[in-house]
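Undergrad: Let's see this in three dimensions:
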Amino acid sequence: MTDFFQFLTAHPVSILVDIIGTQGSTPREAGAFMLVSESASWGTIGGGQLEFMAIGNARELLKGAGRASMDIPLGPAIGQCCGGRTQLRFRKITDELAAELKIRQADEAAHLPDVYLFGAGHVGHALAAALAPLPLSVTVVETRQEELANLPPDTKTRLTPMPEELVKAMRAGSAVVILTHDHALDFMIAREALARTDLSYVGMIGSATKRATFASWLSQEGGERRWLDRLVLPIGGSAVRDKRPEVIAAMTAAEILAALFAYRQNSSS
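TA: I've put the predicted structure just below:
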């Protein structure tokens, strides 16, 4: 995905469109932004007539007309039915504004939720690809160097002979997905993850039989039976019975997003 600095390199004369306020139901939140040049745009403030009007005003500004701000009611008058209002600010890109955007991007990147994929086999690669476009910090952990090739560009990697040790250092709220080539290694990673109560998601690839085997192993290893309530196994749910890696990855990505959102909601309440 092209980031906004690539866009600005190609389109240095552009307008930054910021959502600076919202009331009621709106397609995007305050802080969302897009860039508009004479012939292209990057990002979105929600689509529909709202965005069409914003792009039109931005291009008028590039011609020396247009408005520096807009307060748009999202109702029948503009062909939208959200019912709320959105306030927009329009600014021509300068070096100072580009630097401000860079700081904003760095701050957002530092606060992205962490997702750790333990194992880079077929499903691990498919899941890394499914998560790549999402606002997440994804790390793939492997014991095998060769499996860390051909991952999405922004994916972080960790090569270690003892992946279970990484669990202790994760930030609270991290999501853990366990899909290694070795069931014994899966179980060790899962035990470390379930021993923590502050992770947003702990999932393991497998079947009902693997879950029962893990439950027995966990009991022998001194784990608590109630920990199993926090283990998603199998990952991806049962709504779609399809074992292709890409399908499992899509369903699991949705699970992870739901768990991360719920964790953040609970943490802020």
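
Undergrad: Relative to residue 141, how far out is the nearest residue to residue 239 once chain neighbours are set aside?
TA: Nearest residue to residue 239 in three dimensions, chain neighbours excluded: residue 251, at 7.4 Å (CB to CB, 6 or more residues apart in numbering). In this view, the C-beta of every residue, glycine as well, is placed from N, C-alpha and C. To residue 141, residue 251 is 21 Å away according to CB to CB, to the nearest Å.

Undergrad: domains of this protein?
TA: Domain assignment for the chain by automatic domain parsing gives 4-109, 112-268.

Undergrad: ok, and which of these has the densest surroundings?
TA: Compared across the domains of the chain, domain 112-268 shows the largest average neighbour count, a mean of 17 (mean count of other CB atoms under 10 Å).

Undergrad: Tell me the span between the first and last residue of that domain.
TA: One end of domain 112-268 to the other measures 16 Å (CA to CA, to the nearest Å).

Undergrad: One more: stretch 108-121?
TA: Using CA to CA, one end of stretch 108-121 lies 30 Å from the other.

Undergrad: Can you name the residues in contact with that stretch?
TA: Outside stretch 108-121, the residues that touch it by CB atoms under 8 Å, 6 or more residues apart in numbering are 124, 127-128, 131, 135-142, 144, 147-148, 151, 163, 166-167, 170-171, 173-181, 185-186, 189, 200, 205, 256, 260, 264.

Undergrad: at 6 Å instead, please
TA: Contact with stretch 108-121 is made by 124, 127, 135-142, 147-148, 163, 171, 174-181, 189, 260, as judged by CB atoms under 6 Å, 6 or more residues apart in numbering.

Undergrad: Same check on stretch 137-157?
TA: Stretch 137-157 is contacted from outside by 112, 114-118, 120, 128-129, 131-132, 158-159, 161, 163, using CB under 6 Å, 6+ apart.

Undergrad: first to last residue in it, what's the distance?
TA: 11 Å.

Undergrad: next one: it to chain centre, how far?
TA: Put simply, stretch 137-157 sits 17 Å off its chain's centre (CA atoms, centre = their mean, to the nearest Å).

Undergrad: Average pLDDT for that stretch, rounded please.
TA: The average pLDDT for stretch 137-157 rounds to 93.
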